[in-house]
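Novice: from the sequence below, what's the structure:
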Amino acid sequence: KKYLEANFLHINVSKSKFVHFQSPRKKLAPLTVAPVFGGNELQNVKSIKFLGVTIDYRISWKSHILTVTNKLRSSIAQLYNMRNVISKKLKISVYNAIVNSQLTYAIPVWGGFSKNNNSLRHLFLLQKRALRNLFGIKRESKHVRGHTKSSFQQNIKY
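Specialist: From the prediction side, this is the model:
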């Protein structure tokens with residue numbers, strides 16, 4: 001508290017919360033006493049948003065990836081409606097502003113998430129869907145999930 005006063009800092013205790021981090025492999029006993037700051041007991045939460053990144057108590061990043069997934073899903077339909085109205089150059093700008101910015105924000109923090117998990121695959125599939133909707137890229141067949149890398153490279157050249 002002395003540090004805060006000396007540096008003219010103020011903490012809004014009513015908005016302050018804490019996360020009791022735990023190992024994903026070990027079960028820890030729940031806290032019996034909550035931390036107190038300024039005479040107020042802080043609320044224990046399982047996840048918290050810090051600088052736009054959702055951090056959960058197991059540091060698994062699943063909650064953050066779910067948040068990004070939901071944001072991307074809500075914007076994909078809007079991209080489909082834009083595809084016949086705007087130029088290719090503007091499509092690239094829209095893609096970078098809406099999709100790429102969501103995918104790359106703070107990626108050094110959460111991007112090293114386990115490669116065995118399907119959560120990152122869902123983000124990749126949503127990225128491909130966004131590109132298809134915006135640029136009108138068609139699949140070779142509805143039944144064959146072939147590689148669309150060459151189609152993406154042809155349509156998205158800066």
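Novice: excluding its backbone neighbours, what's nearest the residue positioned nearest the centre of the chain?
Specialist: Note on the chain: the residue nearest the mean C-alpha position is Val68, at 3.3 Å, using C-alpha atoms, centre = their mean. In space, and not counting its chain neighbours, Val68 is closest to Gln102: 5.5 Å by C-beta to C-beta, 6 or more residues apart in numbering. All C-beta spots, glycine's among them, are computed from the backbone N, C-alpha and C.
Novice: so which strand or helix has that neighbour?
Specialist: Gln102 belongs to helix 101-104 when elements are defined using DSSP states H and E.
Novice: now swap in Ile48 and tell me
Specialist: strand 47-50.
Novice: any weak-confidence spans in this protein?
Specialist: For the chain, the stretches flagged by pLDDT under 70 are 1, 113-117, 140-158.
Novice: how about a cut-off of 90?
Specialist: Residue ranges of the chain with pLDDT under 90: 1-48, 50, 52-66, 74-95, 98-100, 102-158.
Novice: all strands for it, in order.
Specialist: 17-18, 36-37, 40-41, 43-44, 47-50, 53-56 (DSSP state E).
Novice: now, of the ones you listed, which is deepest in the fold?
Specialist: strand 53-56 (a mean of 18; mean count of other C-beta atoms under 10 Å).
Novice: for it, packing partners?
Specialist: Secondary-structure packing of strand 53-56 (3 or more C-beta pairs under 8 Å, 6 or more residues apart in numbering; DSSP states H and E): strand 47-50, helix 62-82.
Novice: ok, and what's touching that strand?
Specialist: With C-beta atoms under 8 Å, 6 or more residues apart in numbering as the test, strand 53-56 has contacts from 19, 46-49, 61-64, 67, 105-106, 109-110.
Novice: and for stretch 110-130?
Specialist: 53, 60-62, 64-66, 68-69, 72-73, 75-76, 79, 95, 98-99, 103, 148, 152.
Novice: mind checking which of those are buried?
Specialist: For those, a burial check counting by 16 or more other C-beta atoms under 10 Å picks out 53, 60-62, 64-65, 68-69, 72, 75-76, 79, 95, 98-99, 103, 148.
Novice: so how far is Ile92 from the closest residue in space to Tyr95 that isn't next to it in sequence?
Specialist: With sequence-adjacent residues excluded and distances taken as C-beta to C-beta, 6+ apart, Tyr95 is closest to Leu134, at 5.8 Å. Plainly put, Leu134 is 9 Å away from Ile92 if you go by C-beta to C-beta, to the nearest Å.
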